[in-house]
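*Asks:* One predicted model, sequence on top.
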Amino acid sequence: MRLPQAIFDAQSLLDYTRHSGRAARSQFADAFNVVDNGEHCLLDWWFNDDSGEYDRFSEEADGEGWMARLLPIRDELIRGDTRPLYLGWLARLRNGELRDDDREPPLPDGLKTLTPAQNALAEFLMLAPDWLAAAAEKSPPYAAASDVNERLDSWLLELTENEMRAALRMLLDGRNQEAERILRRRFLAWEQARVPNRVASPAPRRVSEIEARVSFHRGVREQREHEAREAEEARRKAARSSYLASLLEDEDSTWSTIDSKLQRGSGSSYDQAFRALQELAEAYASVKRDTIFRRRLVRLMAQHGKRGAWVARLTKAGYLWEPKR
């Protein structure tokens with residue numbers, strides 16, 4: 001992804017791409033890298049798949065949709081959002097390019113609430129949710145729009161006429177992105193210096209500290225998923241129980257429905273009648289009335305016991321049995 005060099009400062013990019021030593025367990029070179037050619041910066045997020053395990057990148061029908069999902073990252077970076085850079089650094093960590101005592105780059109706000117494009121980038125880089133959660137532990141929340149607008153209003157009141165005129169001229173000259181970058185930088189500098197009690201950025205963590213928290217978040221996620229599965233299973237059982245109870249609320253009608261399907265005499269009608277009979281048997285069993293089910297089945301077979309295909313279905317399923325000799 002190519003972006004104007006002017007939107008970055010050299011130190012900020014170096015924080016995310018610095019190599020402090022030999023990578024002992026790197027799977028491939030440079031999961032994230034930046035090339036500065038003077039006028040532009042070329043940002044390269046890379047995922048290697050020599051194994052062919054992740055065929056969705058090349059063979060799935062929606063493979064062409066990746067660029068559309070990732071493209072908004074460019075505008076986010078232009079507006080000063082550094083979360084895509086941090087995701088690139090995290091991919092380097094996952095790739096084994098960093099040493100345990102390396103320090104993380106500046107932690108951006110809002111890492112717990114990524115944008116759709118940033119989520120797509122994390123998905124593309126195969127960043128596991130446990131790694132993201134560990135990295136985002138100390139990331140401050142993104143400021144609410146109302147709070148930002150209130151501070152912007154206070155800052156705008158302090159702009160001079162010449163500063164406003166210069167910004168408007170850039171907008172009219174079609175340099176809107178440059179104008180936004182300049183104004184945003186000035187606002188952030190003003191906010192850093194003027195806003196009292198501003199929360200200080202958390203101290204950079206060592207790579208080993210982030211890695212140590214991954215297992216904790218994996219346990220939390222697995223427990224949450226286990227509870228969700230149990231809740232879903234409970235909902236499924238409750239719905240099934242309610243449905244079976246409804247079959248017995250008017251059991252005569254249910255038996256009549258089976259009888260009418262059998263009278264059609266076709267294979268498909270036998271299949272439908274058999275499925276209905278299975279559900280009815282389960283309903284009787286759930287309230288321990290199996291004897292009544294057997295009695296009603298005998299009455300049904302008195303009318304349809306000569307239908308060979310129907311009898312074969314019941315015999316195979318164990319609803320009928322040969323008398324002992």
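*Replies:* Here it is on my side, so go on.

*Asks:* In terms of helices and strands, where is the closest residue to residue 272 other than its chain neighbours?
*Replies:* Closest residue in space to residue 272, ignoring its immediate chain neighbours: residue 261 at 5.1 Å, by Cβ to Cβ, 6 or more residues apart in numbering. Placement of C-beta: from N, CA and C, glycine included. Using DSSP states H and E, residue 261 maps to helix 251-264.

*Asks:* Give the buried residues for that helix.
*Replies:* For helix 251-264, the neighbour count (16 or more other Cβ atoms under 10 Å) marks 251, 254-255, 257-258, 261-262 as buried.

*Asks:* Can you redo those as a markdown table, where the extra columns are distance to residue 104 and pLDDT?
*Replies:* Below are the buried residues of helix 251-264 laid out as a markdown table (distance: Cβ to Cβ, whole Å; pLDDT from 0 to 100):
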| residue | distance to residue 104 | pLDDT |
| --- | --- | --- |
| 251 | 66 | 90 |
| 254 | 64 | 90 |
| 255 | 69 | 94 |
| 257 | 66 | 92 |
| 258 | 67 | 93 |
| 261 | 67 | 92 |
| 262 | 71 | 93 |
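
*Asks:* and which of the residues you listed is nearest residue 128?
*Replies:* Nearest to residue 128 among the buried residues of helix 251-264: residue 254, at 49.4 Å, using Cβ to Cβ.

*Asks:* Which helix in the chain has the most residues?
*Replies:* The longest helix of the chain (DSSP state H) is helix 207-249.

*Asks:* on that earlier part again, so who does the residue nearest to residue 272 touch?
*Replies:* Applying Cβ atoms under 8 Å, 6 or more residues apart in numbering to residue 261 gives the contacts 269-270, 272-273, 276.

*Asks:* Compare the residues you listed and tell me which has the most neighbours.
*Replies:* residue 273 (23 neighbours; other Cβ atoms under 10 Å).

*Asks:* Give me the nearest residue to that one, chain neighbours excluded.
*Replies:* Sequence neighbours aside, residue 261 is the residue nearest to residue 273 in space, at 4.0 Å (criterion: Cβ to Cβ, 6+ apart).

*Asks:* re the thing from before, sort out for me which of the contacts of residue 261 are in strands.
*Replies:* Judged by DSSP state E, the subset of those located in strands is empty.

*Asks:* Out of the residues you listed, flag the one nearest to residue 117.
*Replies:* residue 272 (49.4 Å).

*Asks:* any idea how far that closest one is from residue 15?
*Replies:* Distance of residue 272 to residue 15, given as Cβ to Cβ, to the nearest Å: 67 Å.

*Asks:* One more: residue 225?
*Replies:* 34 Å.

*Asks:* Then residue 106?
*Replies:* Residue 106 is 6 Å from residue 15, by Cβ to Cβ.

*Asks:* Tell me which of these two has more neighbours.
*Replies:* More crowded of residue 106 and residue 15, by other Cβ under 10 Å: residue 15, with 18 against 15.

*Asks:* Name the nearest residue to the more buried one, sequence neighbours excluded.
*Replies:* Residue 15's closest residue in space is residue 105 (Cβ to Cβ, 6+ apart), at 3.7 Å.

*Asks:* now do residue 179
*Replies:* Closest residue to residue 179 apart from its sequence neighbours, by Cβ to Cβ, 6+ apart: residue 170 at 3.9 Å.

*Asks:* For the one you found, give me phi and psi.
*Replies:* Main-chain torsions, residue 170, degrees, to the nearest 10: phi -60, psi -40.

*Asks:* Residue 186: neighbouring residues, count only.
*Replies:* 14.

*Asks:* can you check the one 5 residues further on too?
*Replies:* The criterion is other Cβ under 10 Å. On that basis, residue 191 has 16 neighbouring residues.

*Asks:* how about it, secondary structure?
*Replies:* Three-state assignment for residue 191 (DSSP: H, G, I helix; E, B strand; the rest coil): helix.

*Asks:* for residue 3, same thing?
*Replies:* strand.

*Asks:* picking that back up, how much space is there between the residue nearest to residue 272 and residue 278?
*Replies:* Residue 261 is 13 Å from residue 278, where distance means Cβ to Cβ.

*Asks:* Is it correct that residue 114 falls within a helix?
*Replies:* No - applying three-state DSSP, one finds residue 114 to be coil, outside a helix.

*Asks:* how far away is it from residue 133?
*Replies:* Residue 114 is 12 Å from residue 133, by Cβ to Cβ.

*Asks:* Surely residue 154 is in a strand?
*Replies:* No - with three-state DSSP as the criterion, residue 154 is helix rather than part of a strand.
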